[in-house]
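Trainee: Predicted model follows, preceded by the sequence.
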Amino acid sequence: MEQRFKWVALLAGAVLVVGCGVHGPRADDDDDGDGGEGLTGSGIGAGDTSSSSSEGAGQTASGTGGTGGTTSSSTSTSTSTSTSTSTSTSTSSGTGGSGGIGGGGCYIEGYDLGVSLADLQSSYQGSQWLPTMIDVLNRRYSNGWYVMDQMKNDPWLTGSFPQWFNLGNWGGMIESIDTACHEETHGYDFDQAMNYSNKHLYYMGSNLEVVAAKLNFFARNQIYNQVTQGGSVTAMYDSASLTGTQGSYDFIFLADELTAYINGLACATVVGDHLTQGGSFRDGAAAHLYYLQVYLRVARTQYSSLYNQWKADPDWQQFVRFSWARGHFWTDVSMQFGQLGINDAAIWNRINDPNNLSEIQLFTGDTPSVVACTP
């Protein structure tokens, strides 16, 4: 697989090795390339791995969902894994903002599963897969549309990406949307981070881009033993993410993975009615929420100085809070599509263990259910 080190200068003086994921990773960023999201039951699928322009550090969105008014609530107000009670959602104009507080008082993001894609499907041409993909997201999920529109000229997307999917037909293009959103989140994040000194950017929406300091984080391989204690529920991600060269990377990259997995899940969810092949879309987001909890625990118990600095940083508070809320929101919305998960229920059982939930409360000062609802 080609190795193009587009963002090699991102970490001061560091030469980073790029890994290849299970299916369709980009090989040109400084991320871990752990792949895995979209793994199907047979072991190969719409895999993702690793990568926005910020208008200001830690800018948040406000209003009623950014992209439109909600017609139902679909975010979690508890620590359970799947509490979605409706398949209806908010409407989207295609260029709206990130998210906000909906009518039910909880975090939402604008999307619209009710918009028909029939005309795009009937007229689909493989040569036009990328503009069609962007149009699909423009109709149904403006935050996904925004990042893909911003990155539509990425040479990796137009050059290497097509080899991983059968983009000659509608189903293949739909299957690839998760991976495209995941990978171009990384591309956008790393591109835009170059505008900042010793900071990294995390794209969570067109009006929600968190820019946080590169603190003296420890290598993520230090959470491996705790992640796998009592038997791993995240085995399809552990080795690639937490061991070897990839495991030597720190929380900056783990946080970027979490963001990309949630964005990928969101993009898969909004085309869930067109996805015929199942995969581990929910699993990847859940696994990385669990990694977040364990990383917080190791930092708190073994790196108290770092933990206190991390906890006191408003940008990192925003990252943790919105990642937690977005992970719950998109998991809940996606539950109407059973094919979007494989082992996600077991992962959520681990996330919802009181000992793990306590790390969210200790870090944020609020109960996990409050953070999930009002980050």
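Mentor: Done, it's in.

Trainee: Give me the buried positions along stretch 355-370.
Mentor: 356, 357, 358, 359, 360, 363, 364, 366, 368, 369, 370 (16 or more other C-beta atoms under 10 Å). Using the backbone N, CA and C atoms, a C-beta is placed for each residue, glycine as well.

Trainee: what's next to whichever strand or helix holds the fourth one, contact-wise?
Mentor: If I follow you right, that is residue 359. Residue 359 is part of helix 354-364, with elements assigned from DSSP states H and E. Helix 354-364 has contacts (C-beta atoms under 8 Å, 6 or more residues apart in numbering) with 79, 290, 293-294, 296-297, 300, 310-311, 317, 320-321, 324, 350-351, 367-368, 371.

Trainee: On the three-state scheme, residue 202 is what?
Mentor: strand (DSSP: H, G, I helix; E, B strand; the rest coil).

Trainee: From here on, call the first residue 24.
Mentor: With 24 as the first residue, the last one maps to residue 225.

Trainee: Could you check how far it is from residue 219?
Mentor: 12 Å (C-beta to C-beta, to the nearest Å).

Trainee: Neighbour count: the two, which is higher?
Mentor: Just comparing residue 225 and residue 219: by other C-beta atoms under 10 Å the higher neighbour count belongs to residue 225, 29 against 15.

Trainee: on that earlier part again, now do the shared contacts for residue 225 and residue 219.
Mentor: residue 234.

Trainee: Tell me how many other residues crowd residue 248.
Mentor: So residue 248, with other C-beta under 10 Å, has 11 neighbours.

Trainee: Distance check, residue 136 against residue 292.
Mentor: 8 Å.

Trainee: pLDDT and distance to residue 156 added to the buried residues of stretch 378-393, as a markdown table?
Mentor: Below are these laid out as a markdown table (pLDDT from 0 to 100; distance: C-beta to C-beta, whole Å):
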| residue | pLDDT | distance to residue 156 |
| --- | --- | --- |
| 379 | 98 | 36 |
| 380 | 98 | 37 |
| 381 | 98 | 41 |
| 382 | 98 | 37 |
| 383 | 98 | 34 |
| 386 | 98 | 36 |
| 387 | 98 | 36 |
| 389 | 98 | 37 |
| 391 | 97 | 34 |
| 392 | 96 | 35 |
| 393 | 97 | 36 |
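
Trainee: In terms of secondary structure, what does the longest helix along the chain contact?
Mentor: In the chain, assigned by DSSP state H, the helix with the most residues is helix 193-216. Judged by 3 or more C-beta pairs under 8 Å, 6 or more residues apart in numbering; DSSP states H and E, helix 193-216 is in contact with helix 152-163, helix 165-173, helix 178-182, strand 222-228, helix 274-292.
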